[in-house]
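Novice: Fold the following.
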Amino acid sequence: MNTVARVFLLIALISAPLGAKADKYSEALMAFKSTGETGAYFSSAYGYALFPTIGKAGIGIGGAGGKGKVYAGGKHVGNTKMAQVTYGLQLGGQAFSEIIFFQDKRAFDNFTAGNFEFSAEASAVAITAGASAQSNTGGGSSASASAGQSDASLAGSGYHKGMKIFTIAKGGLMYEAVLGGQKFSYEAL
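Specialist: Numbering: from 1, shown residues only. As a prediction, the model looks like this:
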């Protein structure tokens, strides 16, 4: 089995459910609503994309992937997929939840227009300690982290180009210094 196949097998194993769980979207939504300042975004944002589990793995060549739902006005309006391919110094695997808030209709329309990719400046705020969280196309990394999920202190909590990204680590360990960006596809209901 080649390296790329091993990476994607590891992603599938990381993102697979670990047991019978209630609705994974409801669980992820509650986690974000009850965490630090993210709760305020739900009442002010035009909409959001919620990914309950994104699996990420790499051994030199890496990747990440996950499926999510897109909401506007609190209603499920479409589905989205995230894919990321990375190349560079990396080893390990991890799983995390991700939410992307859309400040207004313009930002929502940019995301849902078809294929969307984050620019080099788009960064995520990691809500739990140990989560990595840069979504970029230009390399580098940055994130803010706190000691615990419920007492998160969010640095730079304003929108960037109409979007704000938060992640919550679910498990795994990953070391990386890579180049790569998250790409999203969207399908309306």
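Novice: what stretches of the protein score poorly on pLDDT?
Specialist: Scanning the chain for pLDDT under 70 picks out 1-22, 119-123, 128-157, 175-180.
Novice: What segments of the protein are helices?
Specialist: 3-15, 24-33, 38-44, 105-112 (DSSP state H).
Novice: Would you check how far apart residue 65 and residue 107 are?
Specialist: The gap separating residue 65 from residue 107 is 23 Å, by Cβ to Cβ, to the nearest Å. All C-beta spots, glycine's among them, are computed from the backbone N, C-alpha and C.
Novice: Residue 162 is in contact with residue 110, correct?
Specialist: Yes: the pair residue 110 and residue 162 qualifies as a contact (Cβ atoms under 8 Å) at a distance of 7.1 Å.
Novice: Looking at those two, which is more packed in?
Specialist: residue 162 (18 against 14; other Cβ atoms under 10 Å).
Novice: Excluding chain neighbours, give the residue nearest to the more buried one in space.
Specialist: residue 107 (2.9 Å; Cβ to Cβ, 6 or more residues apart in numbering).
Novice: Just give me the neighbour total for the one you found.
Specialist: Residues lying near residue 107 (other Cβ under 10 Å) number 21.
Novice: List the residues that contact it.
Specialist: 46, 159, 161, 162, 163 (Cβ atoms under 8 Å, 6 or more residues apart in numbering).
Novice: how close does it get to residue 159?
Specialist: 8 Å.
Novice: Surely residue 60 and residue 90 touch.
Specialist: Yes: with contact defined as Cβ under 8 Å, residue 60 reaches residue 90; the gap is 6.9 Å.
Novice: Tell me what the residue nearest to residue 76 when sequence neighbours are not counted is bridged to.
Specialist: Excluding the flanking residues, the one nearest residue 76 by Cβ to Cβ, 6+ apart is residue 69, at 5.4 Å. Here residue 69 sits in beta bridges with residue 50, residue 79, going by DSSP bridges.
Novice: What is the neighbour count of residue 69?
Specialist: 18.
Novice: Roughly how far does it sit from residue 90?
Specialist: Between residue 69 and residue 90 the computed distance is 28 Å (Cβ to Cβ).
Novice: same thing with residue 116?
Specialist: Counting by Cβ to Cβ, the gap from residue 116 to residue 90 is 24 Å.
Novice: Run through the residues that contact the closest residue to residue 117 other than its chain neighbours.
Specialist: Nearest residue to residue 117 in three dimensions, chain neighbours excluded: residue 183, at 4.7 Å (Cβ to Cβ, 6+ apart). Residue 183 is in contact with 82, 83, 84, 115, 116, 117, counting by Cβ under 8 Å, 6+ apart.
Novice: All set now, cheers.
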